[in-house]
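# Build me a model from this:
(chains A, B, C and D)
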There are 2 protein chains.
Amino acid sequence: MYANEFDATMQMIRGKWKILILYALDEDDHRRFNDLQRTLKPVTHKILAEQLQQLLDDGLITRQDFDENPPHVEYHLTPMGQSLVPLLDAICDWGVAHVAPDKMVKLLCDE
Amino acid sequence: MYANEFDATMQMIRGKWKILILYALDEDDHRRFNDLQRTLKPVTHKILAEQLQQLLDDGLITRQDFDENPPHVEYHLTPMGQSLVPLLDAICDWGVAHVAPDKMVKLLCDE
DNA sequence: CTGTATCCTGATAGATACTG
DNA sequence: CAGTATCTATCAGGATACAG
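You can find the predicted model right below:
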């Protein structure tokens, strides 16, 4: 249960790594667990698994298990997750436009 | 120091009441402290003061002290704060479009 | 009316180790 | 490779009381 529309949207992208996960999946939509962990770098194994689970619960991503050994799992954006991409772009753009570059460790989105 | 553009933007609007404060100021740009507290309702006196201070620090709002007794203070959006409004609209719109209405206690933004 | 200080709680994130 | 469990640290939010 969400307090309102703002709250509903924010709950989905609030987690420290969620936007970065969604952004990574938008760039390249067949990521494996380790692949994501390497990309996001200082993220912890446990935290990544946790945030992926929440994104799954919220219906923003899907999990594809290849049933191999060693395990092979890929994550993808759902249509709902894809619909969030323009919003992520807007968040990125605002940051680029209104926050001094030297206050950011690095830039992620292009343009 | 922010990790990246997403992080920079999110820091500013992450607080539980920040979006609602900005949204309230956008609707009516001469709000007093008590006025805001009544509008946001279950927000605590202390928390409201805290989030206002952070918005001030981030340059999104200004504080106008009328130096009266009893105290009279009004808050306004800065140009930077105003530039955030379209993003808030986008957040609102996405919530309305992608989250079931019966999962929200109430709707705030129009349309 | 506005603002601050103290104390408490739950949520969030991280370090680490273990499982199949 | 992917996932889970335990433990710990930190922070955000809130209840309450007090001050100018």
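# show me where chain A has strands.
A:31-32, A:61-65, A:73-77 (DSSP state E).
# Give me the neighbour count for the nearest residue to residue A:95 once chain neighbours are set aside.
Closest residue in space to residue A:95, ignoring its immediate chain neighbours: residue B:5 at 3.2 Å, by CB to CB, 6 or more residues apart in numbering or on different chains. All C-beta atoms are positioned from the backbone trio N, CA, C, and that covers glycine. The local packing of residue B:5 (other CB atoms under 10 Å in any protein chain shown) involves 24 other residues.
# so residue B:5 touches residue A:108, yeah?
Yes. Contact criterion CB atoms under 8 Å: residue B:5 and residue A:108 qualify, at 6.5 Å.
# my read: residue A:6 touches residue B:21, true?
No. Contact criterion CB under 8 Å: residue A:6 and residue B:21 do not qualify, at 11.1 Å.
# Show me which of these two is the more surrounded one.
residue B:21 (26 against 23).
# Grab the nearest non-local neighbour of residue A:45.
residue A:37 (6.5 Å).
# what residues are up against the one you found?
Shown in contact with residue A:37 (CB atoms under 8 Å, 6 or more residues apart in numbering or on different chains): A:43, A:45, A:48.
# where does it land on pLDDT?
pLDDT recorded at residue A:37 is 97.
# Which residue would be the closest one in chain A to DNA strand C?
Chain A approaches DNA strand C most closely through residue A:16 (3.2 Å), counting by CB to the nearest atom of the strand.
# Quick one: residues contacting that residue.
A:47, A:51.
# Within range of DNA strand C, give me the residues from chain A.
Within chain A, the positions lying close to DNA strand C (CB under 7 Å from any atom of the strand) are A:14-17, A:42-47, A:50-51, A:70-71.
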